[in-house]
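Undergrad: sequence and predicted structure are below.
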Amino acid sequence: MTFESLGLDARILEAVAAAGYVDATDVQARAVPEAIAGRDLLVSSQTGSGKTAAFMLPALQLLATEASAKAPRILVLTPTRELSMQVTRAAETYGRRLKKIRTVSIVGGMPYPLQNRLLRQGADILVATPGRLLDQMQSGRIDLSQLKMLVLDEADRMLDLGFKDDIEAIVQQTPATRQTLLFSATLDGNIARLAASMLKDPVRIDVAGHQTKHENIEQRLHFADDLGHKNRLLDHLLRDAAMNQAIVFTSTKRAADDLASNLNEQGFAVAALHGDMKQGARNRTLQALRRGGVRVLVATDVAARGIDVQGISHVINFDLPRQAEDYVHRIGRTGRAGKNGIAISLANVREHFQVKLIERFTTQRIPVSTIPGLEPKQAVAAKPGRAPEARKPVRSTSKPGHFNGGWKPASQGFGKDGARRGTTPRDR
Ligand code: AMP
């Protein structure tokens, strides 16, 4: 869905286009119009779904359309300093064409004199962690009487970190007329209770989580002995008559450029898409993909996030994603708008362990497939440093939805619920 159809102010649309976004992500498409209409929202969505813009765009819309006040009108509560900084940057990015919007971040660890000065200068948007905000409110430096919108970002993590009482104390000092948007990765009993006490007749939005079955996407795994073998597999896959358009994922920008140039030499209508490209070039590439002039897009994770092109019949993981979560984002580029899609991962025989982490995260097994004449010669390694084990290929099925044949997820994860750990490499 395009941003133009969401009802946003032209200046916000300009800033979104300048950020390189072409289509709204699922959570944005569903949350933005409801929030602009003034509804409270209860949204389950993961990091990486585009949730920050899903609340920041309507928040900015509210500021763009209402007269200014002397006190903050938007408050975003986040669990961590890092997330506060990210949200603050998002407010600045999407609000840069609006005049005189001041965003101030109030987080623990920041020196009080600096924080006090920022508060004296005034803020339209406050982005804060609950503990420090409450501290500043108790010192009388923050007046929430003019608040129009309260956002609870990653509410489940705030509860995990023990911020429940602080959140309640903060909310008590906001006007009952405020609009409240609650975002959380999970919507369990604790979140439901918090929501019941703070939201008024909320619209509930569940955005496809990592355990969604992706029933219209057939997933396959091909093991490869080495890079040459991967290239031969890719060539074979891209020459499949059923392939309309494909996104091929690599793990680095350099690899994306190199692979695009190899494929170009082999006669494919190919383009690369990654974060080093100038915005204009990225937009032109996406337009060409949308119009069908590009059949194969070689992309990195961050650059390809949110791409919504219905012609994408295949997603090919030339390199496995570094984070299991990225696997879900990648395969979700195909099977758009109710169509069927095929997601094929090429894994080195030594990468069986990474495959297992992905399978654990999605709770689905990815069937191993082989192409006659292109079978791997080496056995598959079970764990890093362990002796190889054979993993039986299963007959590939052309019917989607057959990939979870009785397999149960392992109880131990890839961190809590398999979520992303550490920082996101910005070079992707
Ligand atoms: P979030 O889930 O808010 O942490 O966003 C994850 C990443 O997706 C961020 O790097 C955003 O800049 C990016 N992003 C958000 N919305 C879009 C969009 N509509 N198109 C492309 N990228 C987006």
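TA: Received the coordinates, thanks. Owing to the predicted nature of the structure, the values given are computational and were not obtained by experimental measurement. Numbers count the residues shown, from 1 in each chain.
Undergrad: measure how buried residue 112 is and give me the count.
TA: 12 (other C-beta atoms under 10 Å). Heads up, the C-betas are built off the backbone N, CA and C, glycines and all.
Undergrad: tell me the pLDDT at it?
TA: Residue 112 carries a pLDDT score of 92 in this model.
Undergrad: now residue 56
TA: At residue 56 the predicted local distance difference test score is 98.
Undergrad: dump the residue contacts of the spatially closest residue to residue 34 that is not a sequence neighbour.
TA: Across the structure, with C-beta to C-beta, 6 or more residues apart in numbering as the measure, the residue nearest residue 34 apart from its sequence neighbours is residue 203 (4.7 Å). Listed by C-beta atoms under 8 Å, 6 or more residues apart in numbering, the contact set of residue 203 reads 34, 39, 40, 41, 42.
Undergrad: repeat that for 6 Å
TA: With contacts defined as C-beta atoms under 6 Å, 6 or more residues apart in numbering, the neighbours of residue 203 are 34, 39, 41.
Undergrad: for residue 16, which non-adjacent residue is spatially closest?
TA: If you skip the residues right next to it in sequence, residue 16 has residue 3 as its closest partner in space, 5.2 Å away by C-beta to C-beta, 6+ apart.
Undergrad: make that residue 204, sorry
TA: The shortest distance from residue 204 to any non-neighbouring residue, by C-beta to C-beta, 6+ apart, is to residue 42 (4.8 Å).
Undergrad: what's the local residue count around the one you found?
TA: For residue 42, the count of nearby residues is 24 (other C-beta under 10 Å).
Undergrad: what about it, helix or strand, and which?
TA: Residue 42 is part of strand 41-44, with elements assigned from DSSP states H and E.
Undergrad: ok so, going back, how close does the residue nearest to residue 34 get to residue 59?
TA: Noted for residue 203: a distance of 16 Å to residue 59, by C-beta to C-beta, to the nearest Å.
Undergrad: what do you get for residue 378?
TA: Distance, residue 378 to residue 59, using C-beta to C-beta: 53 Å.
Undergrad: can you check residue 127 too?
TA: For residue 127, the distance to residue 59 under the criterion C-beta to C-beta works out to 10 Å.
Undergrad: repeat that for residue 76.
TA: When C-beta to C-beta is applied, the distance between residue 76 and residue 59 equals 8 Å.
Undergrad: check residue 253 too.
TA: In this structure, residue 253 lies at 32 Å from residue 59, with C-beta to C-beta as the measure.
Undergrad: what's the neighbour count on residue 36?
TA: Around residue 36 sit 17 other residues, with neighbours defined as other C-beta under 10 Å.
Undergrad: isn't it right up against residue 7?
TA: Yes - under the criterion of C-beta atoms under 6 Å, residue 36 makes contact with residue 7 at 5.2 Å.
Undergrad: domain parsing for this protein?
TA: 3-207, 217-413 (automatic domain parsing).
Undergrad: just the endpoints, please. Distance across the longest one?
TA: Translated: domain 3-207. One end of domain 3-207 to the other measures 18 Å (C-alpha to C-alpha, to the nearest Å).
Undergrad: now do stretch 35-51
TA: Across stretch 35-51, the straight-line distance between its terminal residues is 13 Å, by C-alpha to C-alpha.
Undergrad: so what touches that stretch?
TA: Contacts of stretch 35-51 from elsewhere in the structure, counted by C-beta under 6 Å, 6+ apart, are 7, 25, 27-28, 31, 58, 61, 179-185, 187, 195, 199-200, 202-207, 306.
Undergrad: and stretch 166-184, by the same measure?
TA: Contacts to stretch 166-184, defined as C-beta under 6 Å, 6+ apart, come from residues 38, 40-44, 51, 55, 130-131, 134, 144, 147, 149-153, 155-156, 191, 195, 198-199.
Undergrad: could I get the full set of helices for the stretch 251-400 of the chain?
TA: Secondary structure of the stretch 251-400 of the chain, counting by DSSP state H, counting those that start in this stretch: helices at 253-265, 279-291, 301-304, 324-331, 352-362.
Undergrad: so for stretch 242-262, what gets flagged as buried?
TA: Within stretch 242-262, the residues scored as buried using 16 or more other C-beta atoms under 10 Å are 243-251, 253, 255-257, 259-260.
Undergrad: to the ligand, which of the helices of the stretch 251-400 of the chain lies closest?
TA: Taking C-beta to the nearest ligand atom as the criterion, the ligand comes closest to helix 301-304 out of the helices of the stretch 251-400 of the chain, the separation being 6.2 Å.
Undergrad: export the closest one to CSV, keeping only CA atoms.
TA: As requested, C-alpha coordinates have been extracted for helix 301-304 and formatted as CSV (Å, rounded to 0.1, in the frame of the first residue of the first chain):
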residue,chain,number,x,y,z
ASP,A,301,18.3,-6.9,4.3
VAL,A,302,17.8,-3.3,5.4
ALA,A,303,17.5,-2.0,1.8
ALA,A,304,14.8,-4.6,0.9
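Undergrad: chain center to it, what's the gap?
TA: For helix 301-304, the distance from its own C-alpha centre to the chain's C-alpha centre is 10 Å (C-alpha atoms, centre = their mean, to the nearest Å).
Undergrad: which stretches of the stretch 1-150 of the chain aren't confidently modelled?
TA: Filtered on pLDDT under 70, the stretch 1-150 of the chain yields the residue ranges 47-48.
Undergrad: how about the residues of it by the ligand?
TA: Counting by C-beta under 6 Å from any ligand atom, the positions of the stretch 1-150 of the chain adjacent to the ligand are 21, 23, 24, 25, 28, 47, 48, 49, 50, 51, 52, 53.
Undergrad: distance between the ends of stretch 134-152?
TA: 15 Å.
Undergrad: what are the contacting residues of that stretch?
TA: Stretch 134-152 has contacts (C-beta under 6 Å, 6+ apart) with 55, 59, 62, 69, 71, 73-77, 106, 119, 166, 169-170, 173-175, 178-182.
Undergrad: now, the residues you listed that are in strands?
TA: Among the contacts of stretch 134-152, the ones falling in strands (DSSP state E) are 74, 75, 76, 77, 106, 179, 180, 181, 182.
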